[in-house]
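Undergrad: fold the following and give me the result.
(2 chains)
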Amino acid sequence: MVRMGKNDHAAVRAILAGDKEAYGALVVRHSHSLFRVAFRITGNEADAEDVVQEAFLRGYQKLESFEARSSFGTWIYRIAVRGALDRISRRPAVDSSRVAGSADPEQDEVQVADTAVRPDRLLLSGEIGALLQSALQRLTPAERTAFVLRHMEDCTAEEIAAALGIAPNAAKQAVFRAVKKLRIRLAALRVKR
Amino acid sequence: MKHLNEEEMTEQYYKQGKAHARRHLEACAECAEDFAAFKSDLDAMQSAELPARDAAYGERVWRSIAPCLPVYEARKRSWLRSGAWRGLSYASACAVLVAGAFIAGRVWEHMQIRTTAGANPTAIPQKATPPQQRLVVVVLSDHLERSERLLVELKHADAGSEEMVSPLRDEARSLLTANRVCRRNAEKNDDPALAAALARLDHLLVELANHQGGLNAAALARLQEEMNSDSLLFEVRVLRSRIPDQQPAANKRPIGGTI
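TA: Numbering: from 1, shown residues only, chains lettered A, B, ... in the order given. Next up, the predicted model:
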């Protein structure tokens, strides 16, 4: 049975003192947030579950190097982000030649009824998730991770940089590139009048 | 007017834009329209629906990994990892560093002395000289300096000038005693080069001090020739260069003189 109630730092101290079960509390507390970010980066449920398990395993192994100055939640979150990034980096590269501009934009274009105030800019909300995933797949792993952290996880450039182990400016540039590529890719979905 | 580029719009969208870009956006209708389109695109980029995970998900993760985790060994001597111990470790490391630097400095200094000695094997090692020997070195140094001065003056002496010759004779007499002491000491210390040079100098000093009938032109010319053929002046200068400088830097004078 997982015990709850201890704060993270107390739990870490207990684990390092020989109380392995105390780690259970940390796993329960942070599993959902790790799954969320892992799923957003990998875009795959099974991969996300694997990333969560691996992150907690690695976290346990490296617990002695965890410094109490930072939050355990932030620390394990970064481990999960890097695990997810590693996982998508190992995947076979998706042909990104079409990202900069579809060879045949008509294939991606979906026509819908004009119901919004700005129909020329309207995107299909029902299908956008799947199409966005497709567009995300064509970004580089770093761009994709940076965009997910910025756009969906609401991380700052500094937090993204820390999670990816890069400079804040490099993190900003990765987000810029991702936004640019995604807008080009998703432009074909806009309703034309 | 410079319109916003896509990077600036991205910064504005994520509320990390600069103030001047924000003011421009408020003032420029064209940029405001572009930004609205930009915002619409990004607003639509929402994550695919997250697969539901129930409340027991965390416990399932824990049960799946728990068997793989070893138990950390209890820290019986936790004070070892405390801040005090860490501070003590830093202090010890610093002490080791300082000691290392000191020893390295001494070794380096010692090696420098040996290198210098190796490069000039004829030099008299200053640090190896015992106190009584150091006194002899000082006396020898002073004697050679005076002798060198005498030889230079002898080389340029004019036999017709009694004012020039007379002090040379007096100085030669004065140097004779010191020269004999130094010569005996060189023989005692098994320094044949120095002893031989001082012997030739002794012969010259004797002739200069006790020349029968005074120093006429012929006698002076013979002494000068004898001095030159023996390269006595040169030899005295070489001997002086072998002796480490005993004087403070402020009192140093250049060795030798103009010929």
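Undergrad: domain parsing for the chain?
TA: Using chain A. A:8-90, A:105-187 (automatic domain parsing).
Undergrad: um, chain B though
TA: Annotated domains of chain B cover B:6-41, B:131-251 [automatic domain parsing].
Undergrad: nearest to chain A, of those?
TA: domain B:6-41 (4.3 Å; C-beta to the nearest C-beta). Just so you know, the C-beta spots here come from the backbone N, C-alpha and C atoms, and that holds for glycine as well.
Undergrad: tell me the contacts of A:R87?
TA: A:42, A:47, A:50-51 (C-beta atoms under 8 Å, 6 or more residues apart in numbering or on different chains).
Undergrad: with A:L164 instead?
TA: By C-beta under 8 Å, 6+ apart, the residues touching A:L164 are A:81-82, A:85, A:142, A:145-146, A:171, A:174.
Undergrad: chain B versus that one, what's the distance?
TA: Between A:L164 and chain B the computed distance is 17 Å (C-beta to the nearest C-beta, to the nearest Å).
Undergrad: flag the shaky bits of chain A, pLDDT-wise.
TA: The model of chain A has pLDDT under 70 over residues A:1-6, A:93-129, A:189-193.
Undergrad: just give me the residue right at the centre of it.
TA: When C-alpha atoms, centre = their mean is applied to chain A, the residue found nearest the centroid is A:I41 (3.4 Å).
Undergrad: need the contact list for it.
TA: Shown in contact with A:I41 (C-beta under 8 Å, 6+ apart): A:51, A:81, A:84-85, A:88, A:144-145, A:148.
Undergrad: same list (the residues you listed) but as a markdown table, adding secondary structure and neighbour count.
TA: Shown next, in a markdown table, are the contacts of A:I41 (DSSP: H, G, I helix; E, B strand; the rest coil; neighbours: other C-beta atoms under 10 Å in any protein chain shown):
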| residue | secondary structure | neighbour count |
| --- | --- | --- |
| A:V51 | helix | 28 |
| A:V81 | helix | 27 |
| A:A84 | helix | 30 |
| A:L85 | helix | 22 |
| A:I88 | helix | 21 |
| A:R144 | helix | 26 |
| A:T145 | helix | 29 |
| A:V148 | helix | 26 |
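Undergrad: in CSV, list the residues you listed along with distance to B:L201.
TA: Shown next, in CSV, are the contacts of A:I41 (distance: C-beta to C-beta, whole Å):
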residue, distance to B:L201
A:V51, 95
A:V81, 90
A:A84, 93
A:L85, 89
A:I88, 94
A:R144, 94
A:T145, 91
A:V148, 96
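Undergrad: and those residues, which is closest to B:L69?
TA: A:V51 (17.6 Å; C-beta to C-beta).
Undergrad: and chain B, which of the contacts of A:I41 contact it?
TA: A:V148 (C-beta under 8 Å from any C-beta of the partner chain).
Undergrad: now for the contacts of A:I41, which pair is the farthest apart?
TA: Farthest pair in the contacts of A:I41, by C-beta to C-beta: A:V51 and A:R144, 14.0 Å.
Undergrad: how far off centre is the one helix or strand B:E225 maps to?
TA: Per DSSP states H and E, B:E225 falls inside helix B:217-229. When distances are taken as C-alpha atoms, centre = their mean, to the nearest Å, helix B:217-229 is centred 48 Å away from the chain's centroid.
Undergrad: what's it in contact with?
TA: Helix B:217-229 has contacts (C-beta under 8 Å, 6+ apart) with B:151, B:154-155, B:157, B:159-160, B:165, B:204, B:207-208, B:211, B:215, B:232-233.
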